[in-house]
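# Need coordinates for the below:
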Amino acid sequence: MTEDGQILGVLADFLVETKTGRIPSLLVTPAETVETRLFKTDPEGRLILGFRSMKSVRDVIVVQLAE
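Prediction:
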C-alpha cells in the first residue's frame, strides 16, 4: 500500500544489495486493479518498486515510493 492508500498487490520478494544489505526495491505481485504498464516489471510480471521508506501496520506494508 502506498502512503495515499493505493493497494498495489502482495509482497513477493525483496531485491537486496549483498555487499551493503540495503533493500533498494520490493517485488510485488500486482493487484488486479493495478495498471502494470505504469510500473517497471520483472520477467514474471511482478512490480519492481523502489522506495524511500517502509513501515508495517499490522498485515499491511506502507511504502513511500521513490520518484
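
# host element of the spatially most distant residue from the centre of the chain?
Distance from the C-alpha centroid of the chain, by Cα atoms, centre = their mean, peaks at residue 19 (21.3 Å). In this structure, residue 19 is located outside every helix and strand according to DSSP states H and E.

# Give me the pLDDT for it.
Residue 19 is assigned 96 on the pLDDT scale.

# got the phi/psi numbers for it?
Backbone geometry at residue 19, expressed as degrees, to the nearest 10, gives phi -70, psi -30.

# Please report the distance of it from residue 54.
If you measure residue 19 against residue 54 using Cβ to Cβ, to the nearest Å, the figure is 20 Å. C-beta here means a position set from N, CA and C on the backbone, and glycine is covered the same way.

# what does residue 42 give?
In this view, residue 42 and residue 54 are 19 Å apart by Cβ to Cβ.

# list the buried ones in stretch 35-47?
Using 16 or more other Cβ atoms under 10 Å as the test for burial, stretch 35-47 gives 39, 46-47.

# Report the lowest-confidence entry in those residues.
The lowest pLDDT within the buried residues of stretch 35-47 belongs to residue 39, with 90.

# check contacts around it.
For residue 39, the set of contacting residues under the criterion of Cβ atoms under 8 Å, 6 or more residues apart in numbering consists of 30, 47-49.

# Got a PyMOL select line for the buried ones in those?
Taking 16+ other Cβ under 10 Å as the burial criterion, the selection of buried members of the contacts of residue 39 in PyMOL is written as:
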select buried, resi 30+47+49
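
# Please narrow the contacts of residue 39 to those residing in strands.
30, 47-49 (DSSP state E).

# Let me have the residues you listed in TSV, adding distance to residue 11 as columns.
Listed next are those as TSV, based on distance: Cβ to Cβ, whole Å:
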residue	distance to residue 11
30	11
47	10
48	12
49	9
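
# and which of these is nearest residue 23?
For the ones in strands among the contacts of residue 39, the closest approach to residue 23 (Cβ to Cβ) belongs to residue 49, at 10.8 Å.
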